[in-house]
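Engineer: Just the structure for this:
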Amino acid sequence: MKRAILLLPLLVFLGMAVFLYRGLFLDPSELPSALIDKPLPAFSLPDLKDAQRTLTQNDLKGRPALVNVWATWCPTCKAEHQMLNRLAQQGVVIHGVNYKDDAAAARQWLTNYRDPYTINVMDADGSLGVNLGVYGAPETFLIDAEGVIRHKYVGAIDERVWREELAPRYQALLDEVQP
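Structural biologist: Reported below is the predicted structural model:
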């Protein structure tokens with residue numbers, strides 16, 4: 001009995017060590033999303049460029065697109081912004097969700113750094129972000145032409161991420177809508 005009590009802390013330690021060791025090999029950009037293969041959540045929020053215009057999830061339908069959650073307070077968003085501009089110039093459809101940000105600052109930021117977004121939703125209180133399961137910015141969702149979420153990427157999109165992870169998925173969605 002005394003020996004079993006002495007072994008208990010060792011067994012607990014070994015169990016924790018195995019659990020933590022496994023975590024070393026997980027990719028932090030691979031956060032699971034319960035929304036994969038589900039439609040974008042319903043929303044009714046202002047357009048960043050025209051606060052009098054209300055946007056809904058239906059405005060993001062029609063073509064496969066990236067839905068990029070971004071903010072001016074996010075340094076990683078600034079790091080990925082040049083890549084988003086290049087993708088937009090290549091014809092990639094990108095919708096923005098300006099997350100928990102000041103609208104005037106966001107509009108100025110897009111003027112200063114160029115605007116890659118076809119549509120930009122102003123999510124000042126973060127309600128859409130919460131419904132999307134956003135942990136922070138930047139996060140990017142790949143949606144099909146019907147507005148169904150097909151993939152989620154957490155972190156900055158760079159050349160490697162686009163080429164290896166997002167571009168093949170985006171092209172597959174384009175191929176689905178083009179005969």
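
Engineer: where exactly do the strands run in the chain?
Structural biologist: When assigned using DSSP state E, the strands of the chain occupy the ranges 44-46, 54-56, 65-70, 94-99, 119-123, 139-143, 149-154.

Engineer: Make CSV from these and add mean pLDDT to it.
Structural biologist: CSV is the format used below for the strands of the chain (pLDDT from 0 to 100):
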stretch, mean pLDDT
strand 44-46, 98
strand 54-56, 98
strand 65-70, 98
strand 94-99, 98
strand 119-123, 98
strand 139-143, 98
strand 149-154, 97
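
Engineer: Out of the ones you listed, flag the one nearest Y170.
Structural biologist: strand 139-143 (6.3 Å; C-beta to C-beta). Using the backbone N, CA and C atoms, a C-beta is placed for each residue, glycine as well.

Engineer: Can you list the strands that the closest one pairs with?
Structural biologist: strand 65-70 (antiparallel), strand 149-154 (antiparallel) (DSSP bridges).

Engineer: which one of these is the most hemmed in?
Structural biologist: strand 65-70 (a mean of 26; mean count of other C-beta atoms under 10 Å).

Engineer: Sketch out the low-pLDDT regions of the protein for me.
Structural biologist: 1-33, 179 (pLDDT under 70).

Engineer: quick one, phi psi at V93?
Structural biologist: phi -80, psi 120 (degrees, to the nearest 10).

Engineer: How about the residue lying closest to it once chain neighbours are set aside: which residues does it bridge to?
Structural biologist: Nearest residue to V93 in three dimensions, chain neighbours excluded: A65, at 4.0 Å (C-beta to C-beta, 6 or more residues apart in numbering). Beta bridges link A65 to I143, judged by DSSP bridges.

Engineer: Pretty sure A65 sits against I143.
Structural biologist: Yes - counting by C-beta atoms under 8 Å, A65 touches I143, with 5.6 Å between them.

Engineer: Save the strands paired with strand 139-143 as JSON lines, and put in distance to Q52 too.
Structural biologist: Output for the strands paired with strand 139-143, formatted as JSON lines (distance: least, C-beta to C-beta, whole Å):
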{"stretch": "strand 65-70", "distance to Q52": "22"}
{"stretch": "strand 149-154", "distance to Q52": "28"}
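
Engineer: how about these, which one is nearest D59?
Structural biologist: That would be strand 65-70 among the strands paired with strand 139-143, by C-beta to C-beta, at 10.8 Å.

Engineer: what sits up against that closest one?
Structural biologist: 40, 60, 77, 81, 84, 87, 92-99, 117-118, 123, 129, 132, 134, 137-143, 157, 166, 170 (C-beta atoms under 8 Å, 6 or more residues apart in numbering).
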